[in-house]
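**Q** Here is my input; please provide its structure:
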Amino acid sequence: MIGLVLSMVRARPGQALTAFLLAMFAMAAAVSAPAYSATADRAVVRSEVAAAPIAERVVQARITTPTPRDHDFENLVPQVFNGGAFAGVFSTEYDIVVTPADPKYDKIAPRFVYRDDVCTHLRFTAGRCFISETEAVLGKDAVEQLGLHIGDTFQVAYATYSTEDSDYYEAGPRVTLTLVGAFEPVNTSEQYWSDFDYFNPRPTARLTAEPVFANRLTLEALEHGPERQALDVVIDPNAITRDSLDAINASVRSGNDKLASLPGRASVRTGLPTLLARINGDRALVAEVVPVAAVPLVLLCWFVLFISVAAAAQEKRLELGLLALRGITAPRRWWLSAGESVLPILAGAAVGFLFGHYLVRAAAWLLLSSSAGVPLSAGLDWWALASVGGALLAALLAQRAELAKRTVDLLRNVPSRVSRWGAPVFEVTVVVLAAVAVVQLRQGGNGLTGFALFAPSAVVIAVALLAARAVLPIAERAGRRAMRRGRIGPTLAAYAISRRPGTQRVLALFVVAIGLLVFAATAATASGDARDRRARVELGAPRVLTVEPLSRAALLAKVHTIDENGKFAMATVTLPVSDDTGVPPMLAVDSRALAATALWDDPHVSAADAAKLLRPDPGRPSIEVDNKELSLDVTIDSTVDAFRVHWFAVVVPSDGSDVGHVDLGTIQPGRHTYVRNLPMCVNGCRLSALSMEQPEGRGFDVSMTLHSLSQHGKALVDEAGFADAGGWRVPESPGPKLLVPTLTAAADGLHAEISGYKGADVAVRIMPTDAPAPLPVIMARTAGIGDHMTGLDEARQSVTVAAEVETVPKLGYAGGIVDLDYAERIATDGGDAINPQIFLGPAAPADILDRLRAQGLTVTADRAVGPLRDALDEQGPAVALRFHELAGGLAVLLAAGALWLVASLDRLRRAGELRALRTQGVTRRDAGASGYLALVGTAALLAPFAALASWLLVREYLPVFSDDPHGFHPSYWPSPVPVLAAWASATVLLGAAAIVAGARLRAATTHRRR
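**A** Residues are numbered from 1 along each chain as shown. Next up is the predicted model:
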């Protein structure tokens, strides 16, 4: 029996080859889904780890030891995180006072630090690194500050900090150390230095910006108090893979528990769980979405295989009738008929299993920038079994109609009757399933999960089937009209479409193939547009530099020095987060450079217009002072509980140095002039506020009149200037229990009064009105804001919405922007910038980093739009959608193959009738009219509508990002060029196949002469 089946295969190699190729294609499509998922899984893990901020790949543990000799934390460190995946850095420190040998040099109070492997992260400008117990290394500036040379000795002692006078004092015996090296850090922004801020250049009571480094024994030898110990564990990015995720997560949890159980309870901080959660979400999405594209592709393969085997069975009617006539039993007839297809299908499935894996390797190399091998086991699952089983079932069902016929019908070679109810029932079933999938998607609330996963392809298939059925009557009417006009070719082509069995299925196949590719291109393009928009908005500028913490005034001054005219650099800081839920996130920007730096896309308000709206002329200039004596003439009428209250002048240096809080002296009853020079204002300052403060911060009542403010014997503000009450203001709401003065104009100046404080805190601050009030802000339309925000000094600040835009730089749909200079003028604390950044525009010079370093700015992060966009392209949703594009392309290739198969069968069936038409005088062109090109053209017109229907129904549920960014969703109408390119390529390919197939059919009309 097997030999007979093999002989039948050899007798009809074309049919066997067709079944072999279709089964191979179906298996390759089925295997590609799990194989691509496994490959994409690895790519997603690798890309997420590479794009993760360092805070998500590090574990930080901190503890202050109960006693100086407590080593529990230090001894536990090697046991907690071990193995090749972890690289730990242990450090310990305490404060010391360094006394130079030469008394003419002042003492300093640096941090005394031991840190693992510190010497490899230092560049020695003189000498070498420490080796023995009595050796230490100092920063090169500290060496000069202490007047030391390499080889000199100096004395150190444990130090404690006094909060009363904000200074460090010796609290232990002195120990003599030897200076063996002067260093500077190789890179202060590298992760090795963690968050310890060892090299902060801002002046402090330590009188130095650098620590002293020594070995562990040196720190132990000095008598000292409790140590500040730390462990920084960095996970090797290469160690985080899809196979090691769970093990690493378990190790981190175990280590956290061990550290937290120590006496004193070490604080442990890590962002690794966030990274792992994001990776697992990406992996789950890839595993869910990728198979959705493979399912319709496998179904199409089965469908074409069904057509092929059914056509082959029809060609074997006479053969099957003879077998029945000779008494061959039904099971054997089934085996003889099916075996001719089953054997090629099984062989094709085996080859397709291997082909699918190599196809995925090629796709990974093209789509995922990864050529890693895919193990064969990745596709050895129920997908492969379902593919083989479905192919065999399609082959058996295709032969059922012929094998169920009576012997006499088979011998007479009677064509099969087309079922009047089978096809409509099938179409209604598909439409109902598509509707169920869409309803579950839109009302289920869980997005693309469960049966809703198949909504995109189900809608395309349903629309294709309905459209194909609607086209047949139209083709019938077109054929009749062509017949009445005597046009033989169009008549034959139209009737070939409307009357020939199977044409409707072929048309639906073409619509589905083109529709799936167009839908995949639409989804991929719209998602790409959303990722591009998110990268631009959330970064805010083509390039953004994050710098080490410094004061807001210093950031503005240094950026102005680098870019005086605001052509390429803009300083930005984040405003404090407010407890008021009605205040959205806000960003303060140097609006003079907004148009030159920000990525601004709003169609209604340009960046230049936004800058003008944010920075209107306040009408009053700032009060500028220098370092000479400042004189304040004030009359104190009365006070209550004003013990040891002093006048202070708050001045902001124009060179960006620290804000000055200058004590003008103790207040005195009656009229008095308070005089003090301003040493920090050598390069000029802006007067921020005049304030009265009590050392203990207690409240008090005061009634007073400010007469004049002068410098160099000239009035900066005279009585008339103070009497202009509009030129002065007080904080709106320093806090829930704080009182502020009431300002009124007086004949001889400005009257200010606080009364009935009743134990409440007060804020007696008189500030010049050199900024608009209320402060103008520009908000995202969906952000919403009331009539106030939280200022830079965390005080309440009234605002007015100058304009609303779609998105604002960095904050997107959820925030607003304000002018940094005006916000700084309103603030009175002169504090540090929160998240200080510099936006760089396209005109930024190539040496911008060198210019920043020359200004003393240390860049801790350098981000650009391109790399951020690339990172978003490697997230799970983008990776999954690429497979949909691949599957759409394969569907079009399959449709071209189906067209070739249909043409071959038509050529065999119609050869005789076409030659008869030629004999009767019909031209070769008219006789060979096949309607193939009309089928392709019709499908090309219908497919975009099928894709559009699917897109409009599922657009908002399409996963685009691993997280859930507010507002960044695919648009209804993506960029048209990629979509048109996909549609045109599919149409051209199928059109070319139709032309070739029609030419082969016309060749069959040649009259053969003997």
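
**Q** residue ranges for the strands of the stretch 251-400 of the chain, please.
**A** Along the stretch 251-400 of the chain, counting by DSSP state E, counting those that start in this stretch, strands occupy 267-270.

**Q** next one: the stretch 851-1000 of the chain
**A** Using DSSP E, counting those that start in this stretch, strands in the stretch 851-1000 of the chain cover 859-864.

**Q** show me where pLDDT drops low in it?
**A** Residues of the stretch 851-1000 of the chain that meet the criterion pLDDT under 70 lie in 905-931.

**Q** Recalculate using a threshold of 80.
**A** Where the stretch 851-1000 of the chain drops to pLDDT under 80, the residues are 898-932, 962-967, 997-1000.

**Q** Quick check: longest strand in this protein by residues?
**A** strand 86-99 (DSSP state E).

**Q** which strands and helices sit next to that one?
**A** Judged by 3 or more CB pairs under 8 Å, 6 or more residues apart in numbering; DSSP states H and E, the packing partners of strand 86-99 are helix 72-80, strand 111-115, strand 153-162, strand 167-170, helix 216-221, strand 228-235. Where you see a C-beta, it was placed from the backbone N, CA and C, and this is true even at glycine.

**Q** packing partners for the second one?
**A** It refers to strand 111-115. strand 86-99, strand 212-213, helix 216-221.

**Q** And those: which comes nearest Asp116?
**A** With distances scored as CB to CB, the stretch of those nearest to Asp116 is strand 86-99 (4.8 Å).

**Q** lowest-confidence helix or strand of this protein?
**A** The helix or strand of the chain with the lowest confidence, counting by mean pLDDT, DSSP states H and E, is helix 924-927 at a mean of 54.

**Q** follow-up on the earlier one: now the helices and strands packed on strand 86-99 in CSV, with distance to Gly856 and mean pLDDT?
**A** Output for these, formatted as CSV (distance: least, CB to CB, whole Å; pLDDT from 0 to 100):
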stretch, distance to Gly856, mean pLDDT
helix 72-80, 35, 79
strand 111-115, 20, 96
strand 153-162, 26, 93
strand 167-170, 24, 91
helix 216-221, 30, 93
strand 228-235, 26, 87
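
**Q** Tally up the residues packed near Ser645, please.
**A** For residue 645 the amino acid is Val, not Ser. Per other CB atoms under 10 Å, the neighbour tally for Val645 reads 18.

**Q** and it, how far is that from Ser703?
**A** Using CB to CB, to the nearest Å, Val645 is found at 13 Å from Ser703.

**Q** Return every residue with contacts to both of the two.
**A** Shared contacts of Val645 and Ser703, defined by CB atoms under 8 Å, 6 or more residues apart in numbering, comprise Thr639.

**Q** In contact with the most centrally placed residue in the chain, which residues?
**A** Centroid-nearest residue in the chain, with CA atoms, centre = their mean: Leu872, separated by 4.8 Å. Residues in contact with Leu872, defined by CB under 8 Å, 6+ apart, are Arg531, Arg534, Ala535, Ala878, Phe961.

**Q** Can you pull the poorly scored residue ranges out of the stretch 351-500 of the chain?
**A** 352-353, 356-430, 437, 440-454, 468-500.

**Q** Can you get me the start-to-end distance on stretch 695-707?
**A** Its start and end residues considered, stretch 695-707 measures 25 Å (CA to CA, to the nearest Å).

**Q** cool, and stretch 575-592?
**A** Taking CA to CA, stretch 575-592 runs 19 Å from one end to the other.

**Q** Same question for stretch 538-554.
**A** Terminal-residue distance, stretch 538-554 (CA to CA): 25 Å.

**Q** if you average pLDDT over that stretch, what comes out?
**A** Stretch 538-554 shows a mean pLDDT of 91.

**Q** hmm, back to that, can you tell me which of the helices and strands packed on strand 86-99 is nearest to Lys758?
**A** Short answer: strand 153-162, nearest of those by CB to CB, at 33.5 Å.

**Q** And the contacts of the closest one?
**A** So strand 153-162 is contacted by 94-101, 109, 112, 136, 146, 148, 167-179, 205, 212, 222-225 (CB under 8 Å, 6+ apart).

**Q** ok, the closest residue to Phe25 other than its chain neighbours - how many residues close by?
**A** Computed as CB to CB, 6 or more residues apart in numbering, the closest residue to Phe25 that is not its neighbour in sequence is Cys301, at 5.3 Å. Counted with other CB under 10 Å, residues neighbouring Cys301 total 30.

**Q** correct me, but Cys301 touches Leu21?
**A** No: the criterion here is CB atoms under 8 Å, and Cys301 misses it with Leu21 at 9.9 Å.

**Q** any chance of the helices and strands packed on strand 111-115 in TSV, with distance to Ile279 and mean neighbour count too?
**A** Formatted as TSV, those follow (distance: least, CB to CB, whole Å; neighbours: other CB atoms under 10 Å):
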stretch	distance to Ile279	mean neighbour count
strand 86-99	18	21
strand 212-213	37	26
helix 216-221	37	16
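
**Q** Redo the ones you listed as a markdown table? Include distance to Ile307.
**A** What follows is the helices and strands packed on strand 111-115, written out as a markdown table (distance: least, CB to CB, whole Å):
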| stretch | distance to Ile307 |
| --- | --- |
| strand 86-99 | 59 |
| strand 212-213 | 79 |
| helix 216-221 | 79 |
